[in-house]
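[1] Return atomic coordinates for the entry below.
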Amino acid sequence: MRAFIIAACSALILSVTALPASAEVLFSVSLDVPVAYDLTNPDVSDEDISGFKVLVSLPFFLGFGYEKYDVTGLAGPTSITIDVEFYDLFVTIPVIEVVLGAGIGTGLLDTNPVSNSFEEADLKQFFISYGIDFGLFFDIHLAYHVISGEAAGLGANSNESLDAKMWTAGIKVGF
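    Model (predicted):
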């Protein structure tokens with residue numbers, strides 16, 4: 001009886017570990033679009049965002065990515081535009097489909113009617129993503145980003161915080 005239990009447990013463990021644990025066999029490509037963007041600056045309202053995030057996951061659960069977003073909003077009567085760009089490194093935790101990542105990049109704050117009032121800001125971010133597998137090669141996921149940085153004002157302009165929270169949603173295809 002004891003030999004039967006050991007054999008059954010061994011067969012179960014081998015059958016579970018023999019299957020791919022996630023939507024990436026050798027590597028995967030993920031494409032996300034922004035769903036929501038919220039600047040923590042209380043003077044800015046009506047934020048709207050467009051852009052994309054592309055992540056490439058390599059074997060051993062490491063990967064890199066690129067992100068590009070255009071954010072528009074209103075600060076009183078002044079319209080603002082922020083061009084955001086990130087380069088990311090991340091690690092994938094298999095089976096539960098969690099991605100933990102960090103990125104560095106730049107943000108260029110532009111105001112209308114007065115343009116070129118701020119220097120390009122150095123930004124950093126941290127993000128976490130959770131996905132649900134569909135078959136062996138696909139997943140859908142939702143990611144939460146925390147972005148921080150500050151644009152230095154030129155001339156009489158004061159520095160402006162570019163701290164924000166962002167949600168993205170996307171799909172991943174494994175190869």
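[2] Can you show me the strands along this protein?
    For the chain, the strands defined by DSSP state E cover 28-39, 45-57, 62-75, 78-93, 98-112, 121-134, 138-151, 160-161, 164-174.
[3] Columns mean neighbour count and mean pLDDT on top of those, output as a markdown table?
    For every residue, glycine as well, the C-beta is placed using N, CA and C. Converted to a markdown table, these look like this (neighbours: other CB atoms under 10 Å; pLDDT from 0 to 100):
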| stretch | mean neighbour count | mean pLDDT |
| --- | --- | --- |
| strand 28-39 | 18 | 95 |
| strand 45-57 | 17 | 92 |
| strand 62-75 | 18 | 95 |
| strand 78-93 | 18 | 94 |
| strand 98-112 | 17 | 94 |
| strand 121-134 | 18 | 95 |
| strand 138-151 | 19 | 96 |
| strand 160-161 | 19 | 91 |
| strand 164-174 | 19 | 95 |
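[4] Was I right to think T92 contacts F60?
    No - applying CB atoms under 8 Å as the test, T92 and F60 come out as separate, 9.4 Å apart.
[5] what sits against the closest residue in space to P113 that isn't next to it in sequence?
    Spatially, and ignoring its direct neighbours in sequence, P113 is nearest to T78 (7.4 Å; CB to CB, 6 or more residues apart in numbering). The contact partners of T78, by CB atoms under 8 Å, 6 or more residues apart in numbering, come to T111, N112, P113, V114.
[6] One more: P34?
    By CB under 8 Å, 6+ apart, the contact set of P34 is I49, S50, G51, K53, Y69, M166, W167, T168.
[7] now the residue lying closest to Y130 once chain neighbours are set aside: how far from N41?
    In space, and not counting its chain neighbours, Y130 is closest to V98: 5.7 Å by CB to CB, 6+ apart. V98 is 30 Å from N41, where distance means CB to CB, to the nearest Å.
[8] Then G51?
    Taken as CB to CB, the span from G51 to N41 is 19 Å.
[9] who's in contact with the nearest residue to S57 once chain neighbours are set aside?
    Leaving out its chain neighbours, the residue that sits closest to S57 by CB to CB, 6+ apart is G63, at 3.8 Å. Shown in contact with G63 (CB under 8 Å, 6+ apart): L55, V56, S57, L89, F90, V91, T92.
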